[in-house]
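Need the 3D shape of this:
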Amino acid sequence: MMRYQLEDVRRRNEPLAILWASESSIYQRFGYGTAARMGYIDILRERTAFLDSTPAVGQTKLLSPEDALNVLPPIYDRVRALTPGMYRRDATWWKEHSLYDHKDIREGQSPLYRAVWTNDGEAQAYATYRVKGDWDDDVGAPAGFVRIREIQSASPVALREMWRYIFGIDLVVRIKAFAQPMDDPLFFMLAEPRRLQTQLEDGLWLRVVDVRAALEGRSYAADGELSFLLRDDFCPWNEGRYKLEVKSGEGRLVEAAGEVDLEMSARELGAIYLGGTPLTALVGAGRVVENTSGAARKADLMFYSEVTPRSTEEF
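Below is the predicted model of the structure:
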């Protein structure tokens, strides 16, 4: 099945296959690498004070389902344009997936809320979330939580104000969120960052199907040359010795002869492709052979992404 899928991807001239894994032990067997990790966060509402006492700005309001379909996509697209791993959503995807709210999927929680933060008349951040109401009779106090489905912001201020709104929701004791970035800025906003409980997991898995098209189809953060041997027994057409030449941020892949700087499999190339997994970490894990001292560090600089790769919802 996997062979048929990857050969079909190749026939379509698509250089990459990307997915979420239902079980993380499956896909490395087929050359997928962990290209983006994510965090599940959980924090007590009473421990959400900001380090910076800057007063609130702008305005947050709740949207109807109809208004959300018009207001939220432009914010998402601004974030997507800067974030590796995020994908385009058409109108059908927004309606039938991102904002879908049938009662059968609520798991005992509230209908989906859609909040947007605006400043100077411009919508700059949003959050979609549900509330799980509960009550502790022993202490006579709320025991519920807020579960964030998605939070997006076009600026640091917009992100802070969106979280300020979430932290101000009454009658809950905890705030939980799914698929947060591995280096979540929220950690650095809080007066007590230790209270932000974070569980890191694999997010996007990426498989390079056409090594030449993939490496020549992305941009690079630093110029330079890097040679590598690529092993790929599942997609043998990728195997070979290559030299990646980067000039003015654009890459060119040519055949290499002789000793190479690095030796890796398709799994490792998939892991570093979006810029979210350091090749130096894979060398440290014994998964990549570094024949030329400093080559892995050079690769990290070339593949670097200023914005941490992520995907905010499963597909």
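
can you map out the helices along the protein?
With helices called from DSSP state H, the chain shows them at 2-11, 65-80, 91-93, 156-167, 186-189, 211-216, 266-272, 279-284, 295-303.

among the helices and strands of the protein, which has the poorest mean pLDDT?
Least confident element among the helices and strands of the chain, by mean pLDDT, DSSP states H and E: strand 141-142 (a mean of 88).

who does that strand touch, helix- and strand-wise?
The contact analysis (3 or more C-beta pairs under 8 Å, 6 or more residues apart in numbering; DSSP states H and E) places strand 141-142 against strand 135-136. Where C-beta positions appear, they are placed from N, C-alpha and C, glycine not excepted.

Not counting the strand it packs on itself, show me its contacts.
The contact list for strand 135-136 (C-beta atoms under 8 Å, 6 or more residues apart in numbering) reads Ala141, Pro142, Ala143, Gly144.

between those residues, which is nearest Met2?
Top of the list for closeness to Met2, among the contacts of strand 135-136 and by C-beta to C-beta, is Gly144 at 42.3 Å.

Am I right that the closest one is in contact with Val172?
Yes. Contact criterion C-beta atoms under 8 Å: Gly144 and Val172 qualify, at 4.7 Å.

Could you check which of these two has the larger neighbour count?
Neighbour totals were compared for Gly144 and Val172, and Val172 leads with 21 against 18 (other C-beta atoms under 10 Å).

if we can go back for a sec, are any of the contacts of strand 135-136 buried, and which?
The neighbour-count test (16 or more other C-beta atoms under 10 Å) marks Pro142, Ala143, Gly144 as buried among the contacts of strand 135-136.

ok, the second one to Trp163 distance?
Taking C-beta to C-beta, to the nearest Å as the measure, Ala143 and Trp163 are separated by 22 Å.

one step back: pick the most buried one from the helices of the chain.
Compared across these, helix 266-272 shows the largest average neighbour count, a mean of 26 (mean count of other C-beta atoms under 10 Å).

neighbours around Trp94, how many?
17.

Equivalent analysis for Tyr273, please.
For Tyr273, using other C-beta under 10 Å, the count is 26.

could you measure it against Leu69, distance?
Taking C-beta to C-beta, one finds Tyr273 at 32 Å from Leu69.

now swap in Arg80 and tell me
From Arg80 to Leu69 the distance is 17 Å (C-beta to C-beta).

start to end distance for stretch 99-111?
11 Å (C-alpha to C-alpha, to the nearest Å).

Could you list which residues are in contact with Arg47?
Arg47 neighbours (C-beta under 8 Å, 6+ apart): Leu190, Glu192, Arg195.

make it 6 Å
With contacts defined as C-beta atoms under 6 Å, 6 or more residues apart in numbering, Arg47 is in contact with Glu192, Arg195.

Test my guess that Gly203 contacts Ala35.
No. Counting by C-beta atoms under 6 Å, Gly203 does not reach Ala35; the two are 8.0 Å apart.

Which one's more surrounded, those two?
Just comparing Gly203 and Ala35: by other C-beta under 10 Å the higher neighbour count belongs to Ala35, 28 against 23.

any idea how far Met302 is from the residue lying closest to the more buried one once chain neighbours are set aside?
In space, and not counting its chain neighbours, Ala35 is closest to Leu206: 3.8 Å by C-beta to C-beta, 6 or more residues apart in numbering. The gap separating Leu206 from Met302 is 17 Å, by C-beta to C-beta.

Where does the record place the domain boundaries for this structure?
Listed domain ranges for the chain are 2-36+204-303, 50-189 (source: automatic domain parsing).

pLDDT of stretch 263-282, averaged?
For stretch 263-282, the mean pLDDT works out to 97.
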